[in-house]
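*Asks:* this is a predicted model, with the sequence first.
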Amino acid sequence: MVETIDQIFVTVKHLLVGIVPVQCQRIVSASISAVGIIIFFASLFAITTVLERKGLGRIQNRYGPNRVGPFGLLQPLADGLKALIKEDIVPRAADKVVHFLAPLVLVAPVFLALAVVPLGRNMVAVDIDAGVLFFFAVGAATELSVFMAGWSSRNKYSLLGAMRAIGQMISYEVPLILSAVTVIMMAGSLSTVRIVEAQAGYSAGLPHWFVLTPWGLAGFILFMIAATAESNRSPFDLPEGESEIIAGYYIEYSGFKFALFFLGEYIGIFAVSGLAITLFLGGWHAPFSFLTWVPSYIWFFTKLLVLIAGFIWVRGTLPRLRMDQLMNFAWKFMLPMALINILTAGVWHFMPHGFARWIVCSLLVLGPYVTLGSVLMVNQKLGKRTYRYAD
């Protein structure tokens, strides 16, 4: 019974594929997977937007959406209808073809990236040997879409926002990939399915997740910080600095095109969170051995919702960084820590099992963390803020 519930989606897909002729089965199988991913994650996007607005409202001591539907839960429907019927205004001097293609180029890669993320046992749309490489390769197309949006708008603010976004995304993509290298080294594979399998099993009821090691915990933290910057989320939302450059690279977008940028941002968050779960949090495996009877996809989406809640919490808590702080943090702290973490993973692999391995690897992570943090804070001259007024 437990196995049947766990594999219900896989079974239904096989039944549907079995109906069509053999020659069409590959196309039908891919189509079913694609439609399932698009429908589910688009629905999750709608749910996340209203939950985020209500969560931020509570953090800021206000209600949030509470008018459309019971408890404001139908607000995404109203927002979607508004985006559909709102006038699409294109600047007269804009490159209309590139302006039209930019949001499409943003949305397509993030949905493609979800194809290699295992959502449950036997629930991966495309199982390829280089799944992690494919994820990062298609994800790199988002930089192109951002530049297309900023350049084609023929607006100085949008171009400035695009340049900010590209500089930020390229800078943080380096530690993002390097933090994933440690997992690839330890699992010995680029396949997302093999990486999840490498974290199977339990010792004393606890899972063999990579995050439960010194190098895995450091890699997970680095990965999530870099993922936040890659997604242009607060406190790394400088490309959309409303008080500085109005709305960044999509200032000249309205209606459904703007909604596509909004959709692409959130689907990107789901995709990178799904990869973090795959690399560090055991994928769809249960956190304890006595909970393995719960369907695998339930565990995956529970972990996903926890990470989404973390993104919302950070957005409602931390202030925006300055551009120099953001770039210094990427190149002077994140990059060295990611390189040191690769060394730590190698030491962990070759040292014999035991308490000494934990001590040595923990010191290899904590020592550079304290040193780099101290060096970066030397010239900050932090102190009590004083307010001065004009005479």
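*Replies:* Sure thing, it's come through.
*Asks:* where does pLDDT dip in the stretch 251-391 of the chain?
*Replies:* Scanning the stretch 251-391 of the chain for pLDDT under 70 picks out 378-391.
*Asks:* residue contacts, residue 170?
*Replies:* Counting by CB atoms under 8 Å, 6 or more residues apart in numbering, residue 170 touches residue 143. Every residue, glycine included, has its C-beta placed from N, CA and C.
*Asks:* sec struct for it, please.
*Replies:* Under DSSP: H, G, I helix; E, B strand; the rest coil, the three-state class of residue 170 is helix.
*Asks:* and it, how close does it get to residue 143?
*Replies:* Going from residue 170 to residue 143 by CB to CB, to the nearest Å gives 7 Å.
*Asks:* just the strands in the protein please.
*Replies:* Ranges of strands within the chain are 202-203, 206-207, based on DSSP state E.
*Asks:* most tightly packed of those strands?
*Replies:* Of all the strands of the chain, strand 206-207 has the most neighbours on average by mean count of other CB atoms under 10 Å, namely a mean of 15.
*Asks:* and that one, how far out from the chain's middle?
*Replies:* Its chain's C-alpha centre and that of strand 206-207 lie 25 Å apart, by CA atoms, centre = their mean, to the nearest Å.
*Asks:* tell me the strands beside it, with direction?
*Replies:* With DSSP bridges as the test, strand 206-207 is paired with strand 202-203 (antiparallel).
*Asks:* so for the strand it pairs with, mean pLDDT?
*Replies:* Mean pLDDT, strand 202-203: 86.
*Asks:* touching it from outside, list them.
*Replies:* For strand 202-203, contacts defined as CB under 8 Å, 6+ apart pick out 208, 288-289.
*Asks:* dump the residues you listed into a markdown table; add neighbour count as well.
*Replies:* Shown next, in a markdown table, are these (neighbours: other CB atoms under 10 Å):
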| residue | neighbour count |
| --- | --- |
| 208 | 14 |
| 288 | 10 |
| 289 | 14 |
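*Asks:* now go through those and say which are in helices.
*Replies:* Members of the contacts of strand 202-203 lying in helices (criterion: DSSP state H): none.
*Asks:* the strands of the chain: which one's closest to residue 122?
*Replies:* With CB to CB as the measure, strand 206-207 is the member of the strands of the chain nearest residue 122 (19.4 Å).
*Asks:* coming back round to it: could I get the strands of the chain as TSV with distance to residue 4?
*Replies:* Conversion of the strands of the chain to TSV gives the following (distance: least, CB to CB, whole Å):
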stretch	distance to residue 4
strand 202-203	23
strand 206-207	24
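*Asks:* so which of the ones you listed is nearest residue 13?
*Replies:* strand 206-207 (27.8 Å).
*Asks:* tell me the mean pLDDT over the closest one?
*Replies:* The pLDDT scores in strand 206-207 average 88.
*Asks:* what is the burial count for the closest residue to residue 117 other than its chain neighbours?
*Replies:* Residue nearest to residue 117 in three dimensions, not counting chain neighbours: residue 274, with 4.1 Å by CB to CB, 6 or more residues apart in numbering. Residues within reach of residue 274, counting by other CB atoms under 10 Å, total 25.
*Asks:* residue 274 against residue 308, yeah?
*Replies:* No - counting by CB atoms under 8 Å, residue 308 is not a contact partner of residue 274; they are 10.7 Å apart.
*Asks:* go through the chain and flag its longest helix.
*Replies:* Criterion DSSP H: the longest helix present in the chain is helix 25-59.
*Asks:* hmm, back to that, can I get the contacts of strand 202-203 in JSON lines including distance to residue 257?
*Replies:* Shown next, in JSON lines, are the contacts of strand 202-203 (distance: CB to CB, whole Å):
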{"residue": "208", "distance to residue 257": "45"}
{"residue": "288", "distance to residue 257": "46"}
{"residue": "289", "distance to residue 257": "49"}
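*Asks:* which among those gets closest to residue 331?
*Replies:* Of all the contacts of strand 202-203, residue 208 has the smallest distance to residue 331: 33.6 Å, by CB to CB.
*Asks:* wait, that closest one touches residue 201, no?
*Replies:* Yes - the pair residue 208 and residue 201 qualifies as a contact (CB under 8 Å) at a distance of 4.9 Å.
*Asks:* identify each buried residue in stretch 45-62, please.
*Replies:* Within stretch 45-62, the residues that count as buried by 16 or more other CB atoms under 10 Å are 45-46, 48-57.
*Asks:* tell me which of the strands of the chain lies nearest to residue 341.
*Replies:* strand 206-207 (20.7 Å).
*Asks:* burial measure for residue 272, as a count.
*Replies:* By the criterion of other CB under 10 Å, residue 272 has 25 neighbours.
*Asks:* so how far is residue 209 from it?
*Replies:* Distance from residue 272 to residue 209, counting by CB to CB: 18 Å.
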